[in-house]
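**Student:** 3D, please:
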Amino acid sequence: MRVNAFVAAVRAAMFGAGVLAAGTALAFERTPYTNALIAEALETGRPYIIYVHADWCTTCQAQDRVLETLVDDPRFANLLIMTVDYDTKRNLMMLFNVPDRSIFVAFSGTTELGRSVYDTTPEGIAAFLQFAVDGSPNYVPGAAVTPTPAPGA
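**Tutor:** A predicted model of the protein is given here:
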C-alpha cells in the first residue's frame with residue numbers, strides 16, 4: 001500500500017505541474033481533504049467529491065484500483081476528489097454525515113448531489129464521477145446499494 005500512496009503523491013505533484021511524464025494532463029485531482037481546497041472549489045465552482053477511505057479496507061482498495069483506471073479520462077478534467085481518512089478524521093465524517101468508509105459524496109458548491117456507497121464496479125464509479133461533474137442522468141444516487149432481486153423473485 002505504501003507504493004500506491006507514493007504513486008498517488010507523485011501523480012498529485014505532477015498534476016500540480018499540469019502534466020504526467022508522458023505529457024498527458026491528469027483528468028482529476030485526488031488529494032487529502034483540506035479546508036483550503038474546499039474554499040477553492042467553492043470559489044471556482046469546481047465539482048468535488050469527498051471520499052471516506054481507509055488504507056486497510058479491501059473495498060477502498062478495490063475502489064482505488066478503479067480510480068487508477070479513470071485518472072486519465074478527460075471527462076473528469078475538472079473534478080477534485082478529496083480523501084478523508086476513516087481512521088483519523090472522524091470529525092470530518094461527522095461534518096459530512098458519513099457513517100462509514102468506502103463512500104463517495106458528490107458536491108456542487110455546498111449542495112450535496114448524491115452518494116455512492118461501497119460500489120467497486122468500474123461502470124458504477126465512472127458513472128458517479130460523471131454525475132459529480134455534470135449531473136449525468138446515467139447515475140441514480142443510491143443505486144449501488146440497492147440489491148438486485150434474484151431472477152424469479
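
**Student:** need the contact list for residue 113.
**Tutor:** The contact partners of residue 113, by Cβ atoms under 8 Å, 6 or more residues apart in numbering, come to 106-107, 131-132, 135, 141. From N, CA and C alone the C-beta is placed, and that goes for glycine too.

**Student:** Out of those residues, which one has the weakest pLDDT?
**Tutor:** Lowest pLDDT of the contacts of residue 113: residue 141, 57.

**Student:** Find the nearest non-adjacent residue to residue 115, please.
**Tutor:** residue 105 (5.2 Å; Cβ to Cβ, 6 or more residues apart in numbering).

**Student:** packing partners for the strand or helix carrying that neighbour?
**Tutor:** When elements are assigned from DSSP states H and E, residue 105 belongs to strand 103-108. Where contact means 3 or more Cβ pairs under 8 Å, 6 or more residues apart in numbering; DSSP states H and E, strand 103-108 is packed against strand 48-53, strand 111-117, helix 122-134.

**Student:** mind listing what's buried in the last one?
**Tutor:** So the one you mean is helix 122-134. 124-133 (16 or more other Cβ atoms under 10 Å).

**Student:** show me the residues around the nearest residue to residue 33 once chain neighbours are set aside that make contact.
**Tutor:** Nearest-residue entry for residue 33: residue 82, 4.1 Å, with adjacent residues in sequence omitted and distances by Cβ to Cβ, 6+ apart. Contacts for residue 82 (Cβ under 8 Å, 6+ apart) come out as 30-34, 37-38, 48-51.

**Student:** got a markdown table for the residues you listed, with neighbour count too?
**Tutor:** Below are these laid out as a markdown table (neighbours: other Cβ atoms under 10 Å):
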| residue | neighbour count |
| --- | --- |
| 30 | 21 |
| 31 | 16 |
| 32 | 14 |
| 33 | 20 |
| 34 | 10 |
| 37 | 16 |
| 38 | 16 |
| 48 | 24 |
| 49 | 25 |
| 50 | 24 |
| 51 | 23 |
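
**Student:** can you pull the pLDDT of the residue most central in space within the chain?
**Tutor:** Most central in the chain under Cα atoms, centre = their mean is residue 81, positioned 4.5 Å from the mean C-alpha point. Per-residue confidence (pLDDT) for residue 81: 95.
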